[in-house]
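Student: Predicted structure and sequence below. I'll ask about it afterward.
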Amino acid sequence: MKYRNITNPALWLGYNAISFLNQRGIKVTGNVKKGVCKSSCKKLAEWESRPFPFHTYNMMK
């Protein structure tokens, strides 16, 4: 097994999250983009669950 450095962790996580969800039959539309939320952004919904790094850790097992 070879390990490589991840040059852009935000994009890597986004694409791997989409792949993980697709394997479970969840279709994700749109593109992965790295960006900053503008001050004009509004929160549409909030849902509490386990922290996202926990899910990332489980994907890498």
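Tutor: Now that the structure is in, tell me what you want to look at.
Student: which stretches of this structure have low pLDDT?
Tutor: Within the chain, the ranges that satisfy pLDDT under 70 run 1-3, 61.
Student: Grab the most central residue of it for me.
Tutor: The centroid of the chain falls nearest to residue 14 when counting by C-alpha atoms, centre = their mean (3.5 Å).
Student: Please name every helix or strand in contact with the one helix or strand residue 57 maps to.
Tutor: Assessed by DSSP states H and E, residue 57 sits inside helix 52-59. On a contact count with 3 or more C-beta pairs under 8 Å, 6 or more residues apart in numbering; DSSP states H and E, helix 52-59 meets helix 9-23. (Each C-beta comes from the backbone N, C-alpha and C, glycine too.)
Student: So for the helix it packs on, what gets flagged as buried?
Tutor: 13-14, 17-18, 20 (16 or more other C-beta atoms under 10 Å).
Student: Nearest to residue 36, out of those: which one, please.
Tutor: residue 14 (14.6 Å; C-beta to C-beta).
Student: Would you agree the closest one is in contact with residue 28?
Tutor: No. Assessed by C-beta atoms under 8 Å, residue 14 is found out of contact with residue 28, at 9.5 Å.
Student: I'd assumed residue 12 was in contact with residue 32.
Tutor: No. Residue 32 sits out of contact with residue 12 when judged by C-beta under 8 Å, with a separation of 9.4 Å.
Student: so what's in contact with those two at the same time?
Tutor: The contact sets of residue 32 and residue 12 do not overlap (C-beta atoms under 8 Å, 6 or more residues apart in numbering).
Student: before we move on, back to that, got the buried residues of helix 9-23 as a markdown table, with distance to residue 38 columns?
Tutor: Formatted as a markdown table, those follow (distance: C-beta to C-beta, whole Å):
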| residue | distance to residue 38 |
| --- | --- |
| 13 | 21 |
| 14 | 19 |
| 17 | 22 |
| 18 | 23 |
| 20 | 28 |
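Student: Relative to residue 43, how far out is the residue nearest to residue 20 when sequence neighbours are not counted?
Tutor: Of all residues not flanking residue 20 in the chain, residue 59 sits nearest, at 5.0 Å (C-beta to C-beta, 6 or more residues apart in numbering). Distance, residue 59 to residue 43, using C-beta to C-beta, to the nearest Å: 26 Å.
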